[in-house]
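[1] All I have is the shape, not the residue letters:
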């Protein structure tokens with residue numbers, strides 16, 4: 001049954017000339033930046049922030065602070081469904097791939113795949129399935145099998161020949177820490193990732209990513225103000241080089257400073273005990289325009305799109321495949 005689903009990968013460069021294609025997920029963070037009157041300024045300033053942050057972390061043998069530049073590829077993953085009347089294609093996932101340019105040596109260094117993570121099925125799970133499941137209920141809960149299908153599809157992709165032929169290492173997803181949890185600083189300190197934090201309990205996002213086969217650790221990099229959540233397979237500290245990790249930190253911390261300035265552009269750093277809050281008033285804005293309200297509204301629309309074009313039409317096929325999928 002697993003041969004019923006194969007994957008094809010497309011990529012497009014994310015630079016100051018980037019324009020979202022007609023079929024991209026418009027809730028994707030980088031697509032949101034690339035629309036409107038300020039689109040080119042947004043993109044140019046975002047890329048400058050990423051490069052500046054990279055060079056501040058990769059400071060050795062870098063006296064002028066401009067040795068490195070980060071190139072970003074938007075990776076779009078289509079799932080090919082072998083149906084009786086021919087093959088159908090559904091846009092499953094979008095991630096980012098970092099590439100590091102060493103201006104001193106002229107070398108182009110592979111970075112980490114993953115970083116940002118966008119998924120139509122996740123939109124459906126959180127924006128359609130959960131609200132419907134909790135309708136008219138006094139206490140919030142999740143279905144017993146919540147995230148199972150999405151998790152198996154993600155694992156199937158990461159284990160696929162399409163992924164392994166394109167990327168040399170497993171993905172790392174880097175997102176915001178949960179504003180519903182409390183984090184405690186530990187004594188563990190990594191020279192690049194920074195000080196490690198631990199949370200009081202798993203969030204619903206952690207549990208969702210766990211079904212994708214990913215574990216989570218929280219680190220606050222040097223000169224950052226809040227810990228980031230890193231979701232990974234294997235050994236986060238041992239499997240990736242310093243420059244690979246810096247590529248992910250510089251990219252995703254920049255996006256979080258734009259998207260969640262209350263947390264990641266706060267004017268004071270997280271203490272020993274820390275709970276992120278989007279209600280924090282003591283923060284600075286970047287010079288980059290981003291419509292957070294619009295993004296939330298579009299997630300619901302795209303969840304409905306997934307229900308109509310993927311979940312309902314292929315319900316039986318997906319259930320048979322999920323039941324037979326070997327973990």
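    Looks like it came in fine. Treat the numbers as computed from the prediction; the structure is a model and nothing was measured. Residues are numbered from 1 along each chain as shown.
[2] Give me the buried positions along stretch 67-85.
    Buried positions in stretch 67-85, judged by neighbour count with 16 or more other CB atoms under 10 Å: 67-68, 70-81. Backbone N, C-alpha and C define where each C-beta goes, glycine included.
[3] Confirm that residue 112 sits in a helix.
    No: with DSSP: H, G, I helix; E, B strand; the rest coil as the criterion, residue 112 is strand rather than part of a helix.
[4] Can you tell me the number of residues neighbouring it?
    By other CB atoms under 10 Å, 28 other residues sit near residue 112.
[5] Could you pull out the strands in the protein for me?
    Ranges of strands in the chain, per DSSP state E, are 5-14, 68-83, 86-102, 108-119, 172-176, 183-190, 194-199, 215-220, 228-232, 273-274.
[6] export the ones you listed to a markdown table and tack on distance to residue 281 and mean pLDDT?
    Output for the strands of the chain, formatted as a markdown table (distance: least, CB to CB, whole Å; pLDDT from 0 to 100):
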| stretch | distance to residue 281 | mean pLDDT |
| --- | --- | --- |
| strand 5-14 | 32 | 90 |
| strand 68-83 | 32 | 89 |
| strand 86-102 | 31 | 89 |
| strand 108-119 | 27 | 95 |
| strand 172-176 | 18 | 96 |
| strand 183-190 | 20 | 97 |
| strand 194-199 | 23 | 97 |
| strand 215-220 | 21 | 98 |
| strand 228-232 | 22 | 98 |
| strand 273-274 | 17 | 96 |
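[7] Distance to residue 304 for those strands - can I get that in JSON lines?
    Formatted as JSON lines, the strands of the chain follow (distance: least, CB to CB, whole Å):
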{"stretch": "strand 5-14", "distance to residue 304": "22"}
{"stretch": "strand 68-83", "distance to residue 304": "19"}
{"stretch": "strand 86-102", "distance to residue 304": "14"}
{"stretch": "strand 108-119", "distance to residue 304": "15"}
{"stretch": "strand 172-176", "distance to residue 304": "23"}
{"stretch": "strand 183-190", "distance to residue 304": "34"}
{"stretch": "strand 194-199", "distance to residue 304": "32"}
{"stretch": "strand 215-220", "distance to residue 304": "29"}
{"stretch": "strand 228-232", "distance to residue 304": "26"}
{"stretch": "strand 273-274", "distance to residue 304": "36"}
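[8] Which single one of the buried residues of stretch 67-85 is nearest to residue 42?
    Comparing those against residue 42 with CB to CB picks out residue 72 as the nearest, at 14.0 Å.
[9] who are the neighbours in contact with that closest one?
    Residues counted as contacts of residue 72 (CB atoms under 8 Å, 6 or more residues apart in numbering) are 13-15, 30, 47, 50, 96-99, 251.
[10] Make sure residue 275 is actually in contact with residue 182.
    Yes: Residue 275 lies in contact with residue 182 (CB atoms under 8 Å); the separation is 4.8 Å.
[11] Please name the nearest non-neighbouring residue to residue 181.
    Counting by CB to CB, 6 or more residues apart in numbering, the nearest residue to residue 181 once its immediate chain neighbours are dropped is residue 199, at 4.7 Å.
[12] how close does that neighbour get to residue 303?
    Per CB to CB, to the nearest Å, residue 199 is found 27 Å from residue 303.
[13] okay, the two: which has more neighbours?
    Counted by other CB under 10 Å, residue 199 and residue 303 do not tie: residue 303 has more neighbours, with 24 against 21.
[14] Local confidence estimate at that one?
    With respect to pLDDT, residue 303 scores 91.
[15] Would you enumerate the residues in contact with it?
    Applying CB under 8 Å, 6+ apart to residue 303 gives the contacts 120, 123-129.
[16] go on, residue 322?
    Taking CB under 8 Å, 6+ apart as the test, what residue 322 contacts is 148-149, 152.
[17] Could you do residue 130 as well?
    If you count contacts by CB under 8 Å, 6+ apart, residue 130 has them with 142, 146.
[18] Just give the nearest non-adjacent residue to residue 272, would you?
    Among residues not flanking residue 272 along the chain, residue 185 sits closest, at 4.7 Å (CB to CB, 6+ apart).
[19] what pairs with the residue lying closest to residue 14 once chain neighbours are set aside across the strands?
    Among residues not flanking residue 14 along the chain, residue 72 sits closest, at 4.0 Å (CB to CB, 6+ apart). Using DSSP bridges, the beta-bridge partners of residue 72 come out as residue 14, residue 98.
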